[in-house]
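Participant: what would the 3D arrangement of this be:
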Amino acid sequence: AGRRGMSAAAGKVPAGKSAPDLSEEDWKALLTPEEFRVLRLKGTEYPGTGEYNKHYPESGTYVCAGCGTELYTAKSKFNSGCGWPAFYEGMGDNVKEVPDADGMRVEIVCANCGGHLGHVFRGEGFPTPTNERHCVNSVSVKYQDA
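Facilitator: The predicted structure is shown next:
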(Lines give C-alpha, C1' and ligand atoms only; values in the text may rest on other atoms or scores of the structure.)
Protein backbone atom coordinates (compact mmCIF):
# COMPACT_ATOMS: atom_id res chain seq x y z
CA ALA A 1 0.00 0.00 0.00
CA GLY A 2 1.30 3.41 -0.90
CA ARG A 3 4.02 1.98 -3.15
CA ARG A 4 4.45 3.52 -6.55
CA GLY A 5 3.79 1.30 -9.53
CA MET A 6 1.66 -1.58 -8.34
CA SER A 7 0.70 -4.12 -10.99
CA ALA A 8 -2.27 -6.15 -9.86
CA ALA A 9 -1.98 -8.45 -12.87
CA ALA A 10 1.50 -9.64 -11.93
CA GLY A 11 0.98 -9.83 -8.19
CA LYS A 12 -0.83 -12.62 -6.41
CA VAL A 13 -2.47 -10.57 -3.66
CA PRO A 14 -6.26 -11.02 -3.75
CA ALA A 15 -8.46 -7.97 -4.38
CA GLY A 16 -9.30 -6.17 -1.17
CA LYS A 17 -6.20 -7.49 0.64
CA SER A 18 -2.94 -5.72 1.41
CA ALA A 19 0.38 -7.55 0.88
CA PRO A 20 1.90 -6.43 4.21
CA ASP A 21 -1.12 -7.88 6.04
CA LEU A 22 -0.89 -11.39 4.55
CA SER A 23 0.27 -14.21 6.82
CA GLU A 24 2.87 -16.75 5.77
CA GLU A 25 0.01 -19.26 5.42
CA ASP A 26 -1.72 -16.84 3.02
CA TRP A 27 1.48 -16.55 0.99
CA LYS A 28 1.89 -20.34 0.94
CA ALA A 29 -1.58 -20.65 -0.59
CA LEU A 30 -0.95 -17.89 -3.18
CA LEU A 31 2.57 -18.69 -4.39
CA THR A 32 4.01 -21.70 -6.17
CA PRO A 33 6.26 -23.86 -3.96
CA GLU A 34 9.40 -22.40 -5.62
CA GLU A 35 8.13 -18.81 -5.30
CA PHE A 36 7.37 -19.44 -1.62
CA ARG A 37 10.81 -21.00 -1.01
CA VAL A 38 12.63 -18.00 -2.51
CA LEU A 39 10.33 -15.04 -1.73
CA ARG A 40 9.24 -16.01 1.80
CA LEU A 41 11.95 -18.44 3.03
CA LYS A 42 14.85 -16.48 1.47
CA GLY A 43 15.94 -19.30 -0.81
CA THR A 44 18.20 -19.01 -3.86
CA GLU A 45 17.87 -20.38 -7.37
CA TYR A 46 20.76 -22.38 -8.80
CA PRO A 47 22.99 -20.08 -10.90
CA GLY A 48 22.23 -19.99 -14.61
CA THR A 49 18.80 -21.61 -14.26
CA GLY A 50 16.48 -18.61 -13.90
CA GLU A 51 14.06 -17.52 -16.61
CA TYR A 52 15.44 -13.96 -16.70
CA ASN A 53 19.17 -14.67 -16.35
CA LYS A 54 19.84 -14.00 -20.05
CA HIS A 55 16.74 -11.88 -20.73
CA TYR A 56 17.64 -8.40 -22.04
CA PRO A 57 14.56 -6.57 -23.34
CA GLU A 58 14.82 -3.01 -24.68
CA SER A 59 12.02 -1.74 -22.44
CA GLY A 60 9.57 -2.91 -19.80
CA THR A 61 9.58 -3.47 -16.07
CA TYR A 62 10.34 -6.28 -13.65
CA VAL A 63 7.75 -6.44 -10.87
CA CYS A 64 7.58 -8.40 -7.62
CA ALA A 65 6.25 -11.90 -8.29
CA GLY A 66 4.42 -11.75 -4.96
CA CYS A 67 2.65 -8.40 -4.91
CA GLY A 68 3.25 -6.78 -8.32
CA THR A 69 5.25 -3.76 -7.10
CA GLU A 70 7.51 -2.32 -9.82
CA LEU A 71 11.11 -3.08 -8.83
CA TYR A 72 13.44 -2.66 -11.82
CA THR A 73 13.39 -1.22 -15.33
CA ALA A 74 14.70 -3.22 -18.27
CA LYS A 75 17.19 -0.38 -18.86
CA SER A 76 18.83 -1.05 -15.46
CA LYS A 77 19.46 -4.74 -16.27
CA PHE A 78 22.97 -5.72 -17.34
CA ASN A 79 25.04 -8.83 -18.04
CA SER A 80 27.22 -9.42 -14.97
CA GLY A 81 28.01 -13.03 -15.79
CA CYS A 82 27.08 -14.04 -12.23
CA GLY A 83 24.36 -16.54 -13.18
CA TRP A 84 21.42 -14.47 -11.90
CA PRO A 85 19.65 -11.42 -13.31
CA ALA A 86 21.63 -8.28 -12.42
CA PHE A 87 20.36 -4.71 -12.17
CA TYR A 88 22.32 -1.58 -11.25
CA GLU A 89 19.45 0.17 -9.42
CA GLY A 90 15.91 -0.34 -8.17
CA MET A 91 12.90 1.86 -8.90
CA GLY A 92 12.42 4.62 -6.34
CA ASP A 93 12.22 3.22 -2.82
CA ASN A 94 10.55 -0.03 -3.93
CA VAL A 95 13.67 -2.15 -3.25
CA LYS A 96 14.66 -2.17 0.43
CA GLU A 97 18.10 -3.09 1.75
CA VAL A 98 18.38 -5.19 4.92
CA PRO A 99 21.55 -6.45 6.63
CA ASP A 100 21.76 -10.18 5.85
CA ALA A 101 21.62 -12.73 8.65
CA ASP A 102 25.14 -13.88 7.65
CA GLY A 103 26.45 -10.48 8.80
CA MET A 104 28.41 -9.96 5.58
CA ARG A 105 25.99 -9.37 2.73
CA VAL A 106 23.12 -6.91 2.19
CA GLU A 107 19.80 -8.55 1.36
CA ILE A 108 17.31 -6.83 -0.96
CA VAL A 109 13.57 -7.26 -0.48
CA CYS A 110 10.38 -5.85 -1.97
CA ALA A 111 9.58 -2.81 0.17
CA ASN A 112 5.85 -3.55 -0.10
CA CYS A 113 5.53 -7.25 0.78
CA GLY A 114 9.00 -8.07 2.15
CA GLY A 115 9.60 -10.75 -0.49
CA HIS A 116 13.27 -11.82 -0.80
CA LEU A 117 14.81 -10.70 -4.09
CA GLY A 118 18.50 -11.47 -3.57
CA HIS A 119 21.51 -9.38 -2.51
CA VAL A 120 23.18 -6.12 -3.51
CA PHE A 121 26.94 -5.83 -4.04
CA ARG A 122 28.90 -2.60 -4.42
CA GLY A 123 32.30 -1.62 -5.74
CA GLU A 124 32.83 -4.59 -8.04
CA GLY A 125 33.88 -2.35 -10.95
CA PHE A 126 31.04 -3.05 -13.39
CA PRO A 127 30.67 -0.24 -15.97
CA THR A 128 27.28 0.90 -14.65
CA PRO A 129 26.15 4.33 -13.40
CA THR A 130 25.95 3.15 -9.76
CA ASN A 131 28.73 0.54 -9.44
CA GLU A 132 26.09 -1.67 -7.81
CA ARG A 133 24.90 -5.17 -8.71
CA HIS A 134 21.48 -6.19 -7.53
CA CYS A 135 21.74 -9.98 -7.86
CA VAL A 136 18.09 -11.08 -8.15
CA ASN A 137 16.41 -14.49 -8.28
CA SER A 138 14.32 -14.81 -11.47
CA VAL A 139 11.49 -16.44 -9.53
CA SER A 140 11.21 -13.30 -7.38
CA VAL A 141 10.22 -11.10 -10.34
CA LYS A 142 7.96 -11.10 -13.37
CA TYR A 143 8.73 -9.19 -16.56
CA GLN A 144 6.10 -6.90 -18.00
CA ASP A 145 6.49 -5.50 -21.51
CA ALA A 146 6.20 -1.73 -21.86
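Participant: all helices for the chain, in order.
Facilitator: In the chain, the helices defined using DSSP state H lie at 24-30, 33-35.
Participant: ok, which of those helices comes nearest residue 98?
Facilitator: Checking the helices of the chain against residue 98 by CB to CB gives helix 24-30 as the closest, at 17.3 Å. Quick note: C-beta positions are derived from backbone N, CA and C, even for glycine.
Participant: for that closest one, the averaged confidence score.
Facilitator: The average pLDDT within helix 24-30 is 93.
Participant: list the buried residues of that helix.
Facilitator: Residues 27, 30 are the ones in helix 24-30 that count as buried (16 or more other CB atoms under 10 Å).
Participant: who touches it?
Facilitator: For helix 24-30, the external contacting residues (CB atoms under 8 Å, 6 or more residues apart in numbering) are 12, 13, 14, 17, 22, 36, 39, 40, 66.
Participant: can you check stretch 138-146 too?
Facilitator: With CB under 8 Å, 6+ apart, stretch 138-146 has contacts from 7, 9-10, 34-35, 38-39, 45, 49-53, 55, 57, 59-66, 68, 71-72, 74, 84-85, 110, 115-118.
Participant: just the local confidence number for the residue positioned nearest the centre of the chain, please.
Facilitator: Centroid check for the chain by CA atoms, centre = their mean gives residue 117 as the closest residue, at 3.8 Å. On the pLDDT scale, residue 117 is placed at 98.
Participant: could I get the contacting residues of it?
Facilitator: 64, 71, 95, 108, 109, 110, 134, 136, 137, 140, 141 are the contacts of residue 117 under CB under 8 Å, 6+ apart.
Participant: again, only this time at 6 Å
Facilitator: Contact partners of residue 117, counting by CB atoms under 6 Å, 6 or more residues apart in numbering, are 108, 109, 136, 140.
Participant: columns distance to residue 130 and pLDDT on top of those, output as CSV?
Facilitator: Below are the contacts of residue 117 laid out as CSV (distance: CB to CB, whole Å; pLDDT from 0 to 100):
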residue, distance to residue 130, pLDDT
108, 13, 98
109, 18, 98
136, 15, 98
140, 20, 97
